[in-house]
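> using only what follows, build the 3D model:
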Amino acid sequence: MSLEQEIKKMVESCGAKLYDIETLTDRGKTIYRVTITHPEGVDLQKCVEVSNLVSPLLDVNPPVRGDYNLEVSSPGVERKLKKPEHFQNSVGEKVRITTIQGDVIEGELKSGDAKEIVVQTKEGEKRLGFDEIAGAKTYFEW
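Numbering: from 1, shown residues only. Next up is the predicted model:
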């Protein structure tokens, strides 16, 4: 079982879902970020619960070389969309897509499956395959 699968199992044992795992550097420090969702929202208590479960696993199976900080959080209102299930769970929300050609497409995500997404823009419906997407995220108009 991979480290991600083990983390997913632990997250699910808390009644939450694993949204994403990423390693990033912020001000010279390495952060191993585990992002979770929960039907009733993610609060600090849920993050602490997941962190307390995952931390001992990472002590035995370090996810990166050297020192790092474990961070457990929710994806928030504006969140990155990477996997097909991220898109499927965001149908009906506003999205901003950057294509590999550098074009930016904004609109409402109408549908998504394992191969492509459909975005309703001001100019009409746009279909994009996952191989055409360089980056994507939801956004909220205040």
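> ok, now how distant is the residue located most distally from the centre of the chain from Glu106?
Outermost residue of the chain with respect to the C-alpha centroid, by Cα atoms, centre = their mean, is Glu123; its distance is 28.0 Å. Distance of Glu123 to Glu106, computed by Cβ to Cβ, to the nearest Å: 10 Å. In this view, the C-beta of every residue, glycine as well, is placed from N, C-alpha and C.
> tell me where this protein has strands.
17-26, 29-37, 69-73, 94-99, 104-112, 116-121, 124-129, 133-138 (DSSP state E).
> tell me, how many residues neighbour Ile21?
Residues lying near Ile21 (other Cβ atoms under 10 Å) number 17.
> show me which residues of stretch 104-119 are buried.
Ile105, Gly107, Leu109, Gly112, Glu116, Ile117, Val118, Val119 (16 or more other Cβ atoms under 10 Å).
> max pairwise distance over those: which two?
Gly107 and Glu116 (14.7 Å; Cβ to Cβ).
> residue ranges in the protein under the pLDDT threshold?
Low-confidence segments of the chain, defined by pLDDT under 70, are absent.
> show me what the top helix by length along the chain is packed against.
In the chain, ranked by residue count with DSSP state H as the criterion, the top helix is helix 44-60. Applying 3 or more Cβ pairs under 8 Å, 6 or more residues apart in numbering; DSSP states H and E, we find helix 44-60 packed against helix 3-13, strand 29-37, strand 69-73.
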